[in-house]
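[1] Sequence and predicted structure are below.
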Amino acid sequence: GRPSTYASIITTLQEREYALLDKKRFTPTDVGNVVIEFLTEHFENYVDYEFTANLESQLDDIAADKKNSL
(Lines give C-alpha, C1' and ligand atoms only; values in the text may rest on other atoms or scores of the structure.)
Protein backbone atom coordinates (compact mmCIF):
# COMPACT_ATOMS: atom_id res chain seq x y z
CA GLY A 1 0.00 0.00 0.00
CA ARG A 2 0.84 3.65 -0.15
CA PRO A 3 1.68 5.56 3.04
CA SER A 4 -1.79 7.10 3.03
CA THR A 5 -3.37 3.62 3.22
CA TYR A 6 -1.19 2.08 5.95
CA ALA A 7 -3.54 2.88 8.85
CA SER A 8 -6.59 1.43 7.12
CA ILE A 9 -4.65 -1.69 6.09
CA ILE A 10 -3.53 -2.30 9.67
CA THR A 11 -7.09 -1.79 10.91
CA THR A 12 -8.43 -4.28 8.35
CA LEU A 13 -5.81 -6.89 9.27
CA GLN A 14 -6.82 -6.62 12.92
CA GLU A 15 -10.60 -6.51 12.28
CA ARG A 16 -10.42 -9.65 10.14
CA GLU A 17 -8.20 -11.26 12.76
CA TYR A 18 -5.37 -11.92 10.30
CA ALA A 19 -2.86 -10.46 12.77
CA LEU A 20 -2.66 -9.59 16.45
CA LEU A 21 -0.70 -6.76 18.03
CA ASP A 22 1.43 -8.04 20.91
CA LYS A 23 4.00 -5.79 22.60
CA LYS A 24 4.18 -3.42 19.60
CA ARG A 25 4.66 -6.32 17.15
CA PHE A 26 2.19 -7.86 14.76
CA THR A 27 2.01 -11.64 14.58
CA PRO A 28 -0.16 -13.57 12.16
CA THR A 29 -3.04 -15.63 13.50
CA ASP A 30 -3.80 -19.11 12.16
CA VAL A 31 -6.20 -17.52 9.67
CA GLY A 32 -3.51 -14.99 8.74
CA ASN A 33 -1.05 -17.79 8.05
CA VAL A 34 -3.58 -19.48 5.74
CA VAL A 35 -4.04 -16.20 3.86
CA ILE A 36 -0.26 -15.74 3.58
CA GLU A 37 0.14 -19.28 2.23
CA PHE A 38 -2.68 -18.80 -0.29
CA LEU A 39 -1.36 -15.46 -1.55
CA THR A 40 2.19 -16.76 -1.81
CA GLU A 41 1.04 -19.80 -3.76
CA HIS A 42 -1.41 -18.11 -6.14
CA PHE A 43 -0.21 -14.49 -6.40
CA GLU A 44 3.56 -14.86 -6.04
CA ASN A 45 4.45 -11.80 -8.15
CA TYR A 46 2.20 -9.49 -6.17
CA VAL A 47 3.55 -10.43 -2.75
CA ASP A 48 7.19 -10.39 -3.90
CA TYR A 49 9.11 -7.54 -2.21
CA GLU A 50 11.10 -6.66 -5.35
CA PHE A 51 7.96 -6.47 -7.49
CA THR A 52 6.27 -4.25 -4.93
CA ALA A 53 9.33 -2.01 -4.48
CA ASN A 54 9.67 -1.59 -8.24
CA LEU A 55 5.98 -0.79 -8.65
CA GLU A 56 6.12 1.74 -5.78
CA SER A 57 9.11 3.43 -7.40
CA GLN A 58 7.30 3.67 -10.73
CA LEU A 59 4.19 5.09 -9.05
CA ASP A 60 6.35 7.67 -7.25
CA ASP A 61 7.84 8.69 -10.62
CA ILE A 62 4.35 9.12 -12.07
CA ALA A 63 3.28 11.20 -9.05
CA ALA A 64 6.36 13.41 -9.50
CA ASP A 65 5.63 13.83 -13.24
CA LYS A 66 8.86 12.02 -14.13
CA LYS A 67 6.91 9.34 -15.95
CA ASN A 68 3.50 9.21 -17.67
CA SER A 69 2.52 5.59 -17.19
CA LEU A 70 3.66 2.16 -16.08
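    Perfect, thanks for sending it.
[2] Please name every helix or strand in contact with the helix or strand of the chain with the lowest mean pLDDT.
    Here the helix or strand of the chain ranked lowest by mean pLDDT, DSSP states H and E is helix 44-47, holding a mean of 85. Helices and strands touching helix 44-47, by 3 or more C-beta pairs under 8 Å, 6 or more residues apart in numbering; DSSP states H and E, are helix 30-42. Placement of C-beta: from N, CA and C, glycine included.
[3] who's in contact with the helix it packs on?
    Leu13, Arg16, Glu17, Tyr18, Ala19, Pro28, Tyr46, Val47 (C-beta atoms under 8 Å, 6 or more residues apart in numbering).
[4] burial of the first one, as a residue count?
    I take that to be Leu13. 18 (other C-beta atoms under 10 Å).
[5] roughly how far apart are Arg16 and Asn33?
    13 Å (C-beta to C-beta, to the nearest Å).
[6] do Gln14 as well
    15 Å.
[7] Could you do Leu21 as well?
    On the measure of C-beta to C-beta, Leu21 and Asn33 end up 16 Å apart.
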